[in-house]
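Undergrad: with the sequence up front, the predicted model follows.
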Amino acid sequence: HEDEQIDVPSEFKWAPAIEHYAWEHIDALKAVTPRKPLPRMKDILTSLYDVSEADYFIYSNLDIGLYPSFYLEVKALIEQGYDAFCINRRDLPKDYRGIQLDETKSELIFSLEGKPHPGIDCFLFKREILPRLELGNVYVGFPPVGKVLKTQIDKHSQNPTWIKDRHLTFHLGKDALWKASQNAYAEENRQQAQGLFVRPRTGSRYKLKIRLLRWLRKLMRQVERL
């Protein structure tokens with residue numbers, strides 16, 4: 001957002017600023033106080049699309065860390081033929097044997113085994129599908145934003161996969177602050193997400209729903225050409 005810029009390394013460049021928060025787009029939130037500085041997912045990704053010509057985009061929650069091998073393993077997955085994937089993180093403690101873990105303790109962090117986490121908070125997908133993602137007014141900060149993004153990416157990709165138990169990303173602690181914030185913003189995000197996602201499962205019912213969504217997408221395209 002234009003009000004939240006911070007110093008970044010010279011190798012990074014800013015995407016176009018997001019001018020409005022979610023509450024400015026959603027009537028039900030305009031009278032809710034305090035107002036939360038939460039952008040819509042579509043505005044974040046559109047900003048990325050406008051500033052980059054990359055073949056693939058990566059989106060993750062801001063509190064997700066990467067292991068040193070992340071980009072090499074992502075490249076290998078793409079070369080195996082996957083065109084999109086969701087990557088589950090490893091949960092690590094905030095302190096280890098009395099040592100507080102932060103950016104100055106990266107070697108120790110990378111050496112810890114951690115535990116697999118079921119949450120979905122890191123995605124890679126092809127640039128070409130971004131304009132087709134149906135994200136509505138869903139915003140970051142509250143569920144089910146991850147489920148919406150995963151459903152839409154799976155729907156519009158040809159060969160997606162779900163990486164559940166590898167050392168690619170991590171998170172320090174298990175705060176889950178959103179669980180303690182079941183308020184108007186949490187409820188409204190659920191309302192905005194209606195019809196945009198299916199529950200993320202790997203079973204046959206989930207795969208059938210994704211195939212049905214793809215079939216409906218192709219049917220609509222054929223109807224539009226008539």
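TA: Thanks, I have it.

Undergrad: what pLDDT is listed against Val145?
TA: Val145 is assigned 97 on the pLDDT scale.

Undergrad: cool, the one 3 residues further on as well?
TA: The pLDDT attached to Val148 in the predicted structure is 98.

Undergrad: which other helices and strands contact the helix or strand harbouring it?
TA: Val148 is part of helix 145-156, with elements assigned from DSSP states H and E. Under the contact criterion of 3 or more CB pairs under 8 Å, 6 or more residues apart in numbering; DSSP states H and E, helix 145-156 touches helix 41-51, strand 84-87, strand 122-126, helix 204-225. Bear in mind the C-beta positions are built from the backbone N, C-alpha and C, glycine included.

Undergrad: by mean pLDDT, show me the worst of those.
TA: helix 204-225 (a mean of 67).

Undergrad: in the chain, what spans have low per-residue confidence?
TA: 176-182, 200-211, 214, 217-218, 221, 224-226 (pLDDT under 70).

Undergrad: show me where it has its helices.
TA: 41-51, 70-79, 106-111, 145-156, 184-192, 204-225 (DSSP state H).

Undergrad: among these, which comes closest to Glu11?
TA: Among the helices of the chain, helix 70-79 comes nearest to Glu11, with 13.5 Å by CB to CB.

Undergrad: now do the buried residues in the closest one.
TA: Phe70, Val74, Leu77, Ile78 (16 or more other CB atoms under 10 Å).

Undergrad: how about the residues you listed in TSV, adding distance to Ala28?
TA: Output for the buried residues of helix 70-79, formatted as TSV (distance: CB to CB, whole Å):
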residue	distance to Ala28
Phe70	38
Val74	38
Leu77	40
Ile78	40
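
Undergrad: nearest to Cys122 among those?
TA: For the buried residues of helix 70-79, the nearest to Cys122 is Phe70 (9.1 Å; CB to CB).
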